[in-house]
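Asker: Coordinates only, no sequence provided:
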């Protein structure tokens, strides 16, 4: 362990996360393209080219979702530095939905991580799941070990030995052999980049974690020597393609050539982030993977100042936005600053330090330079606006989000400007050409929103602008409409807004933010210090009375079939094994969830609470043969309480679970059946849903009500 975390640790983690997503978004539109095609179609890639290839910039991608999902194994296992490959493999099984999330599902023996997942699902634990003995050297030596590794370095700043060790344990879930060398090398480089800026010494550190007998050592040494004598990166690229190209190694995406491109770009980029990103993306092969790894390392090395010094605005178009589709749908719509806090808190825990909670745990706090956390500005006709992260305008911390506007003379009454951020997916994100965006909303009806704002000093003291919190919710025909809270005049010192989000009619909430209503035409500016919401909602999930489909997309669907076009809203079917549908976030702690369930032809079925993936939840289940059981699934399935129960297939019963801290109460038809104090479990928060084992369970509605312990 490092003796102490760097003073600027959080900033450099945030820069590393930014670098990762920037690199992936840069390279994603032409992933797999050879150098020759890139030169002919794009020339040297110096900035984002998605628009030239008719592709969106912000997309789902396995390099991002895998990197920031698999590292959750650390927090899920108490941030223990001795976490094992087996435990990391268990995390894969918790967050992956087969053929739906995170991975390239290319098939057994064809796609490395898919092959490893199938081994894990069959009961073969890591590291055997990724071994060359089981899967063959070619599959075991592909790029997966490298592309998911950045998080393990960012929790071990300045401690390359720990970073390499953690990376190896994570990499062995799916890989073996030379791929492990690459993971150790890259993780050590990223770790030391927190405290070392010299590219040569960063590479030397990484190389020191690779055995001299490794093919990777041969490659790295040759590239370092070539850089001493050959100034032209194109000549070095041609040498790499000739001596270490795909044909030498076989497979879909061999790790050695792509690791070589990472080293080549660092050696010839001379520490310049623009030049380094340009070289690695222009060289081709696995462009989103390689550029993402390089972007992360360069972000860590340079911090936020490195992006400020860059010739291109890498951060502006991204606006911190990222997607993490997994079985934990409430974490899917996220941003780089939020994910950096999760990583920092794991790194702090490894060093025996308490977690950080910027601005008292506000969901949106803008507390590092340039952060906008997905917020964008929009205005009515005749109104223009802009956003900027600024210092010295925060009452709760150091920084705030400045929203400025210009209202043209002659603009009609009712002019306003909004600053909002996504809380769910948009219609144009339903069918990405990359990976499915499986997500749940982060905000629901019945939750209490709050915001702290202030007006610019010295302006409009007599006629201050007014402000209100708003949401955009899906309604009839899946059209978004605005629902707003009460208007409040803004004080130049501080104004607190609060609003209980009303029932929006059953459609998911897709955006949240603040709306400013200027008193008159002209220029103005306000400062959003923080915005957030906490606690479980007070809401009922059901099919809306109007025609719509997005209500169903709000559920994480890990069942074989869900017939929602007719009959009950929740008719969930699992042909083999155990299936689950879920909605909610890890902010939901103490609440009551209830539903009238009708188990049809099934082995078991019931109601679930505090869901955090496929293998972490409580469930109240009826079993075929006359059993009632309260289960806890926390990596392994445990029966907390069980008794005989007289029930019949096709017979409806009202199920309810009440959860307060470690206390769990289970009710059927209004009668308390079980009460347990599950202090040994770490299940203290999560969403709600239904579980079905080999068969069908029906329900019309699922209700959630918070239990206030204040």
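Answerer: Structure's in. What do you need? These figures come from a predicted structure and were not determined experimentally.
Asker: How about the contacts made by residue 170?
Answerer: Neighbouring residues of residue 170 by CB atoms under 8 Å, 6 or more residues apart in numbering: 70, 71, 73, 85, 88, 148, 149, 152, 183. Every C-beta, even on glycine, is put in place using the N, C-alpha and C of the backbone.
Asker: whoops, I mixed them up, residue 33
Answerer: Counted by CB under 8 Å, 6+ apart, residue 33 has contacts 41, 284, 287.
Asker: Would you write a PyMOL line that selects the buried entries of the residues you listed?
Answerer: Remark: buried members of the contacts of residue 33, expressed as a PyMOL selection using 16 or more other CB atoms under 10 Å:
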select buried, resi 284+287
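Asker: Let me have the contacts of residue 33 in a markdown table, extended by secondary structure.
Answerer: Compiled in a markdown table, the contacts of residue 33 are given as follows (DSSP: H, G, I helix; E, B strand; the rest coil):
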| residue | secondary structure |
| --- | --- |
| 41 | helix |
| 284 | coil |
| 287 | helix |
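Asker: Looking at the contacts of residue 33, which is nearest residue 340?
Answerer: Among the contacts of residue 33, residue 287 lies closest to residue 340 (CB to CB), at 24.2 Å.
Asker: Point me to the helix or strand that includes the closest residue to the closest one other than its chain neighbours.
Answerer: Excluding its sequence neighbours, the residue lying closest to residue 287 (CB to CB, 6 or more residues apart in numbering) is residue 27, at 3.3 Å. Secondary structure assignment for residue 27, by DSSP states H and E: helix 9-27.
Asker: Run the chain-centre distance for that helix.
Answerer: Offset of helix 9-27 from its chain centre (CA atoms, centre = their mean, to the nearest Å): 13 Å.
Asker: Show me what that helix is packed up against.
Answerer: Of the remaining helices and strands, those touching helix 9-27 by 3 or more CB pairs under 8 Å, 6 or more residues apart in numbering; DSSP states H and E are helix 62-70, helix 150-154, helix 273-282, helix 287-309, helix 336-350.
Asker: looking at the ones you listed, which is buried most?
Answerer: Comparing the helices and strands packed on helix 9-27 by mean neighbour count (mean count of other CB atoms under 10 Å), helix 150-154 ranks first with a mean of 32.
Asker: Now tell me what touches that one from outside.
Answerer: Residues from elsewhere that reach helix 150-154 (CB under 8 Å, 6+ apart): 13, 16-17, 20, 67-68, 70-71, 163, 166-167, 170, 186-191, 292-293, 296, 300, 343, 347.
Asker: rewinding a little: which single one of the contacts of residue 33 is nearest to residue 237?
Answerer: Closest to residue 237, out of all of the contacts of residue 33 and judged by CB to CB, is residue 284, at 8.7 Å.
Asker: Give me the distance between the closest one and residue 10.
Answerer: Distance from residue 284 to residue 10, counting by CB to CB, to the nearest Å: 35 Å.
Asker: And for residue 224?
Answerer: Distance of residue 224 to residue 10, computed by CB to CB: 32 Å.
Asker: When these two are compared, which one has more neighbours?
Answerer: Neighbour comparison, residue 224 and residue 10: the larger count goes to residue 10, with 22 against 15 (by other CB atoms under 10 Å).
Asker: Run through the residues that contact the closest residue to the more buried one other than its chain neighbours.
Answerer: Nearest non-adjacent residue to residue 10, counting by CB to CB, 6+ apart: residue 344, 5.0 Å away. Going by CB under 8 Å, 6+ apart, residue 344 touches 9, 10, 13, 356.
Asker: Most neighbours among the residues you listed, which one is it?
Answerer: Ranking the contacts of residue 344 using other CB under 10 Å puts residue 13 first, with 31 neighbours.
Asker: quick one: that residue and residue 338 touch, right?
Answerer: No: contact criterion CB atoms under 8 Å: residue 13 and residue 338 do not qualify, at 11.8 Å.
Asker: ok, back up a step: let me have the helices and strands packed on helix 9-27 in a markdown table, extended by distance to residue 685 and mean pLDDT.
Answerer: As requested, the helices and strands packed on helix 9-27 are arranged in a markdown table below (distance: least, CB to CB, whole Å; pLDDT from 0 to 100):
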| stretch | distance to residue 685 | mean pLDDT |
| --- | --- | --- |
| helix 62-70 | 18 | 97 |
| helix 150-154 | 22 | 98 |
| helix 273-282 | 38 | 98 |
| helix 287-309 | 29 | 98 |
| helix 336-350 | 14 | 98 |
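Asker: Of all those helices, which one is nearest residue 623?
Answerer: Nearest of the helices and strands packed on helix 9-27 to residue 623, taken as CB to CB: helix 62-70 at 31.9 Å.
Asker: doesn't residue 698 fall inside a strand?
Answerer: Yes: counting by three-state DSSP, residue 698 is part of a strand.
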